[in-house]
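Engineer: Got a sequence here, can you build the structure:
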Amino acid sequence: MSPEGAPGHDVIVVVDGHPRSIEVKTRQFLRRPTEITRWPVEMQKKGEADFFVFIELDLRTMSPTFYVLTNAQARATFRDYIGGGNCYPPEVRKLIRPNDFSEFLPSPARVEASSAIA
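Structural biologist: Next up, the predicted model:
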């Protein structure tokens, strides 16, 4: 894992025998996940990550909910503005099933996992 502020991405995982980079963003809420209005992402700096993991952390229970997005999925939920940009939680929640880590599985297992979702 990279230290805060380090260049590059936060975590490296191996998927299908290849290293893949992950950019991780965490936001907390006190009562409901809709309190989280954005996951700030600097696509010009971090946009080459293979995956993005957005985490909703319930501060009452310290229970995390994970959203694993491919680069294309993160870009689909991203809105750019001068000086930065955000991936918006309502769009992420519509696109991604929470706590689904199947993108990190080897290819045949990923196919089986996604057909189990359907």
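Engineer: contacts and neighbour counts: CA atoms only from here.
Structural biologist: Noted.
Engineer: Sheet-wise, list the partners of the strand ranked longest in the chain with their directions.
Structural biologist: The residue-count maximum for a strand in the chain (DSSP state E) belongs to strand 18-29. Here strand 18-29 has these sheet partners by DSSP bridges: strand 11-15 (antiparallel), strand 51-58 (parallel).
Engineer: most tightly surrounded among those strands?
Structural biologist: strand 51-58 (a mean of 22; mean count of other CA atoms under 10 Å).
Engineer: helix or strand right after it?
Structural biologist: Sequence order places strand 63-70 as the next helix or strand after strand 51-58, per DSSP states H and E.
Engineer: mind listing what that following strand pairs with, with the direction of each?
Structural biologist: strand 51-58 (antiparallel).
Engineer: so for the partner strand, what's the average pLDDT?
Structural biologist: Averaged over strand 51-58, pLDDT sits at 95.
Engineer: residues in contact with that strand?
Structural biologist: Applying CA atoms under 8 Å, 6 or more residues apart in numbering, the contact partners of strand 51-58 are 20-33, 36, 39, 63-71, 74.
Engineer: R31 falls within a helix, correct?
Structural biologist: No - applying DSSP: H, G, I helix; E, B strand; the rest coil, one finds R31 to be coil, outside a helix.
Engineer: Return the residues in contact with it.
Structural biologist: Neighbouring residues of R31 by CA under 8 Å, 6+ apart: D58, R60.
Engineer: Same question for E23.
Structural biologist: The contact partners of E23, taken as CA under 8 Å, 6+ apart, are H9, D10, V11, K46, A49, F51, F52, V53.
Engineer: middle-most residue in this structure, spatially?
Structural biologist: Taking CA atoms, centre = their mean, the centroid of the chain lies closest to V53, which sits 2.2 Å from it.
Engineer: re the thing from before, any idea how far the longest strand of the chain is from the chain center?
Structural biologist: On the basis of CA atoms, centre = their mean, to the nearest Å, strand 18-29 is displaced by 5 Å from the centre of the chain it belongs to.
Engineer: Next: stretch 73-85.
Structural biologist: From the chain centre to the centre of stretch 73-85 is a distance of 13 Å (CA atoms, centre = their mean).
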